[in-house]
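[1] everything below, folded, please.
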Amino acid sequence: MTEQDFMKLKNGTDVRGTAIAGVEGDPVTLTDEAVLAIAKAFCTWAAQKTGKRRPVIAVGHDSRLSADRISALVANGVTACGGDVILTGLSSTPSMFMLLQDDFGADASVMITASHLPYQKNGLKFFVKEGGLEGADVGEILALAAKGEFPAGAGSITEKSYLQKYSADLVQKVRAACGKERPLAGKRILVDAGNGAGGFYVDLVLKPLGADTAGSQFLEPDGRFPNHIPNPENEAAMQSVCAAVVKNKADFGIIFDTDVDRAGAVAPNGEEINRNRLIALISAILLEERRGAYIVTDSVTSDGLASFIAAHGGVHHRYKRGYKNVINESKRLNAEGKYSPLAIETSGHAALKENYFLDDGAYLVTRLLIALAKCAEAGKDLMALIADLPEPAEAAEVRLTFAPGCDFKALGAGVIEDLKTYAQTSAHLALAPDNYEGARVNFDGAHGNGWALVRMSLHEPIMPINVESNERGGNKRIMRELYDFLSKYPFLNARPLGEKLV
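    Predicted coordinates for the structure are as follows:
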């Protein structure tokens, strides 16, 4: 494989590819050759990073069908370079970082996952004690893999799970915060793991805290994902868990993605606590503890959320999409002396300063459950914390595609610059002053009474457009103007916008 071939597997700060054959038009790219070379390269890189000639690397995986094959390849690659391996078996992505903060005995770790992607996909996430690797680090590892020059050795392989210790720490956190052994007694809390890795949360966290978990669903790991995609952003997945909460009269619902670095929640009435609502809820909890905090979010959050955070004594700081982007921005603010306890995306990626800025879905919902228990103790409703969140009348996302083979990054950037110019020269439009990504355009009351964000996808030839309006029918007026503007570009398929106007 050439360096270019390896670099095609780079997906931001992860490695991702197709691991299972059989899907038309999707050939296997995460081959045995590729995985072995990447494992050897990571061991070599980790030895240099840690200064240890024989680094110990923990290897875990989620429920994907290709997990066992790739785990074995990673272990073989590491040991062939003289590193030692601890196989942790079924794991969550956050636990693979947390074991590096414990006395588990590992110097670095690899999590085998492709998050919510289809069953044939898989990938690798890398951690050292300081945190998850940056994109530049992954680029270095892939360049080493392509070069193919590795030390020879004969390392060892042992097996040891960490999920039990990880879960016990979450249980202890809740007990310490609530001052009770079983603070969730009398509460029915339902989990939907989507057949990913998150089923452990029921037996290892909720039940020891006294919760009734009847109605929890799809807890068994199954990489075919036969019930729904494990993804809090997926409509079918959210409909499923919302219906389960209502059917089982649960006090709270939880949904995890495949590797448990993201989560969503459900209120007792079956309404989603997702996207802006989820951000508002955890923000309200944190701002009760310390006012004046900076809440860093991705770029597609609503104006209502900004008003809510301000009303609760916080500062809303929008930034670029990408969980690493919001995390690094929150870290930057803290380094400047601006207290920022939270970096969170509307996708459900949430990282708290108190928890190593690790995007950890299980930790996020644990924080929410502490608040739930405290509210119940005081005779209050958890959802009252976000009762004053202004909700848009309409919200939508449309994804436009580019013509095959075009230079979509350059062309997309040009479209966005043209839109900025158009907004600046139109009396009824205004560019949002606090935006770091794409073009966020505000539309006045006569032209939609809302806003639109036009941006480029981080990795794909797609131009996502988010639209919100404060009045019924406003989205159509906004999308009509965007359609008229964008349909003039021959390389851009504006049809999805036009279909919204029918």
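
[2] what's the local residue count around Glu397?
    Other residues within reach of Glu397, judged by other CB atoms under 10 Å, total 14. The C-beta positions use only the backbone N, C-alpha and C, and glycine is treated the same way.

[3] please verify my assumption that it contacts Ile462.
    No. With contacts counted by CB atoms under 8 Å, Glu397 stays clear of Ile462, the gap being 11.0 Å.

[4] separation between Phe485 and Ala306?
    Using CB to CB, to the nearest Å, Phe485 is found at 25 Å from Ala306.

[5] ugh, wrong one, Cys43
    Applying CB to CB, the value for Cys43 to Ala306 is 45 Å.

[6] looking at Phe485 and Ala306, which one has more neighbours?
    For Phe485 versus Ala306, the count of surrounding residues by other CB under 10 Å is larger for Ala306: 21 against 17.

[7] show me what contacts that one?
    By CB atoms under 8 Å, 6 or more residues apart in numbering, the contact set of Ala306 is 316, 318.

[8] change it to 10 Å
    In this structure, Ala306 makes contact with 276, 295, 297, 314-318, 390, 432, 434, judged by CB atoms under 10 Å, 6 or more residues apart in numbering.

[9] buried members of the residues you listed into ChimeraX, please.
    Listed next is the ChimeraX selection for buried residues among the contacts of Ala306, using 16 or more other CB atoms under 10 Å:
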select :276,295,297,314,315,316,317,318,432
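
[10] out of the contacts of Ala306, flag the one nearest to Val246.
    Using CB to CB, the shortest approach to Val246 within the contacts of Ala306 belongs to Asn276, at 21.7 Å.

[11] pLDDT score for Glu460?
    On the pLDDT scale, Glu460 is placed at 83.

[12] equivalent analysis for His447, please.
    For His447, the predicted pLDDT is 97.

[13] try Pro433
    Taking Pro433 on its own, its pLDDT is 86.

[14] do you know how far it is from Asn442?
    Pro433 is 10 Å from Asn442, by CB to CB.

[15] more neighbours, the two?
    Asn442 (18 against 7).

[16] wait, is the more buried one part of a strand?
    Yes. Under DSSP: H, G, I helix; E, B strand; the rest coil, Asn442 sits within a strand.

[17] contact partners for it?
    Neighbouring residues of Asn442 by CB under 10 Å, 6+ apart: 303, 423, 428-433, 448-452.

[18] can you pick the most crowded of those residues?
    Among those, the one with the most neighbours (other CB under 10 Å) is Gly448, at 29 neighbours.

[19] can you pull out the helices in the stretch 301-450 of the chain?
    303-311, 323-335, 361-377, 408-424 (DSSP state H, counting those that start in this stretch).

[20] I'd like those helices as a markdown table, with mean pLDDT and distance to Gly215 appended.
    Formatted as a markdown table, the helices of the stretch 301-450 of the chain follow (pLDDT from 0 to 100; distance: least, CB to CB, whole Å):
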| stretch | mean pLDDT | distance to Gly215 |
| --- | --- | --- |
| helix 303-311 | 96 | 30 |
| helix 323-335 | 96 | 30 |
| helix 361-377 | 97 | 16 |
| helix 408-424 | 97 | 44 |
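
[21] if you compare those helices, which one is most tucked away?
    Among the helices of the stretch 301-450 of the chain, helix 361-377 has the highest mean neighbour count (mean count of other CB atoms under 10 Å), at a mean of 22.

[22] how far off centre is that one?
    Averaging C-alpha positions (CA atoms, centre = their mean, to the nearest Å) puts helix 361-377 19 Å from its chain's average.

[23] now do stretch 76-85
    Counting by CA atoms, centre = their mean, stretch 76-85 comes out at 30 Å from the chain centroid.

[24] avg pLDDT for it?
    Averaged over stretch 76-85, pLDDT sits at 98.

[25] what about it, how long is it end to end?
    Taking CA to CA, to the nearest Å, stretch 76-85 runs 9 Å from one end to the other.

[26] how much space separates the residue nearest to the spatial centre of the chain from Asp388?
    Nearest to the mean C-alpha position of the chain, by CA atoms, centre = their mean, lies His349 at 3.4 Å. The gap separating His349 from Asp388 is 25 Å, by CB to CB.

[27] same question, Ser302
    As judged by CB to CB, Ser302 and Asp388 stand 14 Å apart.

[28] tell me the contacts of the residue lying closest to Ala193 once chain neighbours are set aside?
    Excluding its sequence neighbours, the residue lying closest to Ala193 (CB to CB, 6 or more residues apart in numbering) is Gly199, at 4.2 Å. Residues in contact with Gly199, defined by CB under 10 Å, 6+ apart, are 63, 90, 191-193, 216-221, 256, 260.

[29] now these as a markdown table including distance to Thr401 and neighbour count?
    Formatted as a markdown table, the contacts of Gly199 follow (distance: CB to CB, whole Å; neighbours: other CB atoms under 10 Å):
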| residue | distance to Thr401 | neighbour count |
| --- | --- | --- |
| Ser63 | 31 | 24 |
| Leu90 | 36 | 17 |
| Val191 | 36 | 30 |
| Asp192 | 31 | 30 |
| Ala193 | 32 | 28 |
| Ser216 | 38 | 25 |
| Gln217 | 34 | 20 |
| Phe218 | 32 | 24 |
| Leu219 | 37 | 19 |
| Glu220 | 36 | 10 |
| Pro221 | 34 | 19 |
| Phe256 | 30 | 29 |
| Val260 | 31 | 29 |
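
[30] of the residues you listed, closest to Pro208?
    Using CB to CB, Val191 is the member of the contacts of Gly199 that lies nearest Pro208, at 14.0 Å.

[31] what's the next secondary structure element after the one helix or strand the closest one maps to?
    Per DSSP states H and E: Val191 is located in strand 189-192. Using DSSP H and E, the helix or strand that follows strand 189-192 towards the C-terminus is helix 200-201.

[32] mean confidence for stretch 187-197?
    The average of the pLDDT scores along stretch 187-197 is 98.

[33] got it, and stretch 126-135?
    If you average the pLDDT over stretch 126-135, you get 95.

[34] pull out the buried positions in it.
    126-128, 131-133.

[35] of these, which belong to strands?
    Among those, DSSP state E puts 126-128, 131-132 in strands.

[36] so can I have TSV of the contacts of Gly199 showing secondary structure?
    Below are the contacts of Gly199 laid out as TSV (three-state DSSP):
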residue	secondary structure
Ser63	coil
Leu90	strand
Val191	strand
Asp192	strand
Ala193	coil
Ser216	coil
Gln217	strand
Phe218	coil
Leu219	coil
Glu220	coil
Pro221	coil
Phe256	strand
Val260	coil
